[in-house]
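Asks: Need coordinates for the below:
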Amino acid sequence: MLKLTKKVEYALMAVRHLQNRKSAIQLCSSNEIANSYNIPKPLLAKILQQLAKKKIIKAVKGPNGGYKMARDTTEVNMTEFFEIIEGPVGLVDCFTNSECSLIDCCSIQDPIGKINNSIKLLFDKMTLAEVTY
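Replies: Below you'll find the model as predicted:
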């Protein structure tokens, strides 16, 4: 079963929350986002840090600080977004980690590779805006 991780779900919720602010300059605290969606605050803080480091959102420090969108969501494809949050996109570990002990005798590597590439191409073409609006 292909599933988004909770981290990706929470990241999408946070981005959607930030982009739906009435004013693009209005800051939003991590507490506000966490409380709005019952997201664990420590996990959300890490997610927001990852997004800020990659300049998807902007972090403003200080007593009146918070977060706001830094990039237009139409400029961010879903592969980039997933990789910021979870690392390389891959159905199975051998596509993201070469330490598989079965790599020499694997009989499904090619068909799984085709599926993996098709999914990655789909995510490459899909923008964050398409998912969060």
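Asks: hey, let's count contacts and neighbours off CA atoms from now on
Replies: OK.
Asks: Would you indicate which residues of the helix or strand of the chain with the lowest mean pLDDT are buried?
Replies: Among the helices and strands of the chain, helix 109-125 carries the lowest confidence by mean pLDDT, DSSP states H and E, at a mean of 92. Residues 112, 113, 116, 120, 123 are the ones in helix 109-125 that count as buried (16 or more other C-alpha atoms under 10 Å).
Asks: For the fourth one, which residues are in contact?
Replies: If I follow you right, that is residue 120. 79, 89 (C-alpha atoms under 8 Å, 6 or more residues apart in numbering).
Asks: Then the first one?
Replies: Residues counted as contacts of residue 112 (C-alpha under 8 Å, 6+ apart) are residue 91.
Asks: ok, now with 10 Å
Replies: Taking C-alpha atoms under 10 Å, 6 or more residues apart in numbering, we find residue 112 in contact with 90, 91, 92, 94, 95, 118.
Asks: Give me the distance between the third one and residue 44.
Replies: When C-alpha to C-alpha, to the nearest Å is the yardstick, residue 92 and residue 44 sit 26 Å from each other.
Asks: So if I had to pick from the two, which one is more boxed in?
Replies: residue 44 (19 against 13; other C-alpha atoms under 10 Å).
Asks: For the more buried one, give me the pLDDT.
Replies: With respect to pLDDT, residue 44 scores 98.
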